[in-house]
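# sharing a model prediction with you, sequence too.
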Amino acid sequence: MITEGKPAPDFELLGSDGKTHNLAEYRGKRVVIYFYPRDNTPGCTKEACGFRDLQPELADLNAVVLGVSKDSLKSHDKFIRDFGLPFTLLSDPDLGMMKAYGAYGAKIMYGKPVEGVIRSTVIIAADGKVLKHWQKVAKAETHPQDVVKFLKEHV
């Protein structure tokens, strides 16, 4: 599970850029990892477009954005194309990274308990430690602004 101030769990996943990504390659940068349920759905699209629109500010803050879902790379490619997303999306079909980061498990959906992807975000500091963990993102459309605000106040 994720604990602020502790090292973030490593991962190794294929990205929409055709490369394998792991945490070590991002040493020296801040990494915003946002977990979302599904490509091309209303809330997920609003959140992704929010991060897209804030990309210049995130870059100025030395932050890299990675989106993670269990969708296929083919699905990610379409999502990126349809909305002009300038960041890498990682595919986690086996749910390994999502479980390690607390982004998969029990949740309530339409009033019923289910197992699934929990919309959440983790900011990892340049030294690989967890700087901030939003365990449950309530408002996908405004969350990217919350991330930028946090980075500006704490970096």
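Structure received.

# secondary structure element holding the closest residue to Gly50 other than its chain neighbours?
Nearest non-adjacent residue to Gly50, counting by C-beta to C-beta, 6 or more residues apart in numbering: Pro144, 3.3 Å away. C-beta coordinates here come from the backbone N, C-alpha and C atoms, glycine included. Using DSSP states H and E, Pro144 sits within helix 143-154.

# buried stuff in that helix?
Neighbour counts over helix 143-154 (16 or more other C-beta atoms under 10 Å) mark 143-144, 147-148, 150-151 as buried.

# may I see those arranged in TSV, with distance to Phe35 as well?
Shown next, in TSV, are the buried residues of helix 143-154 (distance: C-beta to C-beta, whole Å):
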residue	distance to Phe35
His143	11
Pro144	14
Val147	13
Val148	18
Phe150	17
Leu151	18
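
# from Gly43, how far off is Ile118?
When distance is defined by C-beta to C-beta, to the nearest Å, Ile118 is 13 Å away from Gly43.

# okay, the two: which has more neighbours?
The neighbour comparison of Ile118 against Gly43 (other C-beta atoms under 10 Å) goes to Ile118, with 19 against 16.

# now that one: phi and psi?
Taking degrees, to the nearest 10, you get phi -100, psi 120 for the backbone angles of Ile118.

# so Met109 versus Lys99, what's the distance?
Met109 is 18 Å from Lys99, by C-beta to C-beta.

# for the residue nearest to the spatial centre of the chain, name its beta-bridge partners.
Residue closest to the average C-alpha location in the chain (C-alpha atoms, centre = their mean): Tyr34, at 1.5 Å. Taking DSSP bridges as the rule, Tyr34 bridges to Gly67, Thr121.

# cool, Leu14 as well?
With DSSP bridges as the criterion, Leu14 is bridged to Thr20, Ser91.

# and it, how far from Glu115?
Taken as C-beta to C-beta, the span from Leu14 to Glu115 is 23 Å.

# fine by me, thanks again.
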